[in-house]
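S.K.: turn this into a model:
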Amino acid sequence: MTTVDLPPKSAEEIPPKTPAARLPDTGHEWDGIRELDNPLPRWWLWTWYACILWAIGYWIVMPAWPLVSGYTTGVLDYSQRAVVEQKIARNIEAQSVYLKQISAKSLAEIRADPELLSFSMAGGRSAFAVNCSQCHGSGAQGAVGYPNLNDDAWLWGGKLDQIAYTIRHGIRNGSDDARVSEMPAFGRDELLEPAQIRDVVEYVVSLSGRQARAAAVERGAAIFAEQCAACHGETGKGNQEFGAPNLTDSIWLYGGDRATLQETIHNSRRGVMPGWQDRLTPETIKQLTVFVHSLGGGQ
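M.R.: Residues are numbered from 1 along each chain as shown. From the prediction side, this is the model:
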């Protein structure tokens, strides 16, 4: 049997192998891939047309297009901001009943009224989170230089009226009514020699029941009685009238190790707290007072 080699057929002579090859195309082809002109399904087209009509209608009735100094308000003149403002106004109106009672009553009376106490606790917790937690911590646990409000160690007193005064006027912020305590910088101002400061540190360490060098404690006790007892008391238990801390417990605002105590005595400490009477309403300050008093250390 003889095999005859035929010349190859041209592309036009090769019949299409698939139905897609018989579909109309756009005339575009790349690397053997044809771009077909296959019509979209009618359901898809009608959905697309409906979306276009919906968009046009939305532009007409609702706020849609930004302008140079505003936006198109739409036929309905709807505003989400206005909705929020209405909700806030309703909440304020509902709260005003309690706020009027808080304004008229003393802190002790608020504490004695279960309904007002519950409302004040909620408002005080919110005010604390917004205004106080940045320094005192979200749980009021404090930090170095910022008092822990959960314990019972109060520099200026933990009674309701004392807490309220501290919140209203603050501490060492330049206000005439602010609480002020002035601890001398015994080292920086050359009131004591470095050796004397070290002896006082040993005495202060001994006040909280820790081991200290006996000879240094004896010398430090004499210096303490002369230089420090006027504020901290003869036994080192502090004095809330002057904002002088109790040195006999284990609660330290800046740290109770020897290096930190030496730095404190050498340079002094002068932390600042803002006064809130010009920033918060009297009712909010009362709520905040009740909340802080309830944290565990209120007196």
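S.K.: give me the nearest residue to Ile197, chain neighbours excluded.
M.R.: The spatial neighbour of Ile197 that comes closest, neighbours along the chain excluded (Cβ to Cβ, 6 or more residues apart in numbering), is Ile265 at 5.1 Å. Glycine gets a C-beta too; all of them are placed from N, C-alpha and C.
S.K.: show the subsequent helix or strand relative to the helix or strand where the one you found lies.
M.R.: Per DSSP states H and E, Ile265 falls inside helix 258-267. Following helix 258-267 in sequence order, the next helix or strand is helix 282-293 (DSSP H and E).
S.K.: show me what that following helix is packed against.
M.R.: Packed against helix 282-293, as judged by 3 or more Cβ pairs under 8 Å, 6 or more residues apart in numbering; DSSP states H and E, are the following elements: helix 80-104, helix 107-112, helix 114-131, helix 160-169.
S.K.: so which of these comes closest to Thr284?
M.R.: Of all the helices and strands packed on helix 282-293, helix 114-131 sits nearest to Thr284, with 5.3 Å by Cβ to Cβ.
S.K.: could you chop the protein up by domain?
M.R.: 87-167+280-293, 183-267 (automatic domain parsing).
S.K.: neighbours of Asn148, how many?
M.R.: 19 (other Cβ atoms under 10 Å).
S.K.: wait, I meant Ala212
M.R.: Neighbour count of Ala212, defined by other Cβ under 10 Å: 19.
S.K.: same question, Gly123
M.R.: With other Cβ under 10 Å as criterion, Gly123 counts 21.
S.K.: how about it, nearest residue that isn't a chain neighbour?
M.R.: Leaving aside its chain neighbours, Gly123 sits nearest to Gln287 (3.9 Å; criterion: Cβ to Cβ, 6+ apart).
S.K.: thought the one you found was touching Ser120?
M.R.: Yes: counting by Cβ atoms under 8 Å, Gln287 touches Ser120, with 4.3 Å between them.
S.K.: between these two, which contacts overlap?
M.R.: Ile102 (Cβ atoms under 8 Å, 6 or more residues apart in numbering).
S.K.: coming back round to it: in terms of secondary structure, what does the helix holding Ile265 contact?
M.R.: Against helix 258-267 (3+ Cβ pairs under 8 Å, 6+ apart) you get helix 194-207.
S.K.: go ahead and confirm Ser250 touches Leu207.
M.R.: No: judged on Cβ under 8 Å, Ser250 makes no contact with Leu207 at a distance of 10.6 Å.
S.K.: comparing the two, which residue is more hemmed in?
M.R.: Applying other Cβ under 10 Å to Ser250 and Leu207 shows that Leu207 carries more neighbours, namely 20 against 9.
S.K.: run through the residues that contact that one.
M.R.: When contacts are counted by Cβ under 8 Å, 6+ apart, Leu207 touches Thr235, Gly236, Leu247, Thr248.
S.K.: identify all contacting residues around stretch 237-254.
M.R.: Stretch 237-254 is contacted by residues 144-148, 151, 153-157, 162, 171, 179-181, 183, 204, 207-209, 231-233, 235-236, 256, 260, 264, 269, 271 when judged by Cβ under 8 Å, 6+ apart.
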